[in-house]
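In: The sequence isn't on hand, but the structure is:
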């Protein structure tokens, strides 16, 4: 796929996000890193989560466990929501011709879900694969070849 000059490229997973701008002319891809942010996913015991609680039946001696939400998934969803807000801010600042999102399938789905509809319309390409730790030179080659 050809990326236009000024295309915003966002690589994200549940813990790290990197924003790039394509500065290549004549169909070339030359990425400039704009920003990168991440959060540390703490161990469950530091997030305040423990074993699920127990409920006692009204009659008899049976008990059952409450279902507990995975604290890590909650934190990753919160992080991706922040990434979506950063994408919106970046696009609203102007000067971008398009948007490309690259993230693992689950993160990509959540990211697209939390983007506002007018921002979602600007997505030129959504790639369900994790490239957050890929060197820029490899990323440029992957995008040039279209082998994503």
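Out: Okay, I see it. What you are looking at is a predicted structure, and each value in this text was computed from that prediction instead of being measured.

In: Tell me where this protein has helices.
Out: Along the chain, counting by DSSP state H, helices occupy 71-93, 105-114, 117-120, 136-145.

In: who's in contact with stretch 16-33?
Out: Contacts of stretch 16-33 from elsewhere in the structure, counted by Cβ atoms under 8 Å, 6 or more residues apart in numbering, are 2-12, 34-38, 79, 83, 86-87, 90, 96, 132-133, 136, 139-140, 143-144. C-beta coordinates here come from the backbone N, C-alpha and C atoms, glycine included.

In: Might you report the residue contacts of the nearest residue to residue 122 once chain neighbours are set aside?
Out: Closest residue in space to residue 122, ignoring its immediate chain neighbours: residue 99 at 4.7 Å, by Cβ to Cβ, 6 or more residues apart in numbering. The contact partners of residue 99, by Cβ under 8 Å, 6+ apart, come to 7-8, 10, 87, 91, 119, 122-124.

In: next one: residue 5
Out: For residue 5, the contact set (Cβ under 8 Å, 6+ apart) comprises 22-25, 97.

In: run the last query once more with 10 Å
Out: By Cβ atoms under 10 Å, 6 or more residues apart in numbering, the contact set of residue 5 is 21-30, 96-98.

In: residue ranges with poor pLDDT in the protein?
Out: The model of the chain has pLDDT under 70 over residues 1, 41-72, 147-148.
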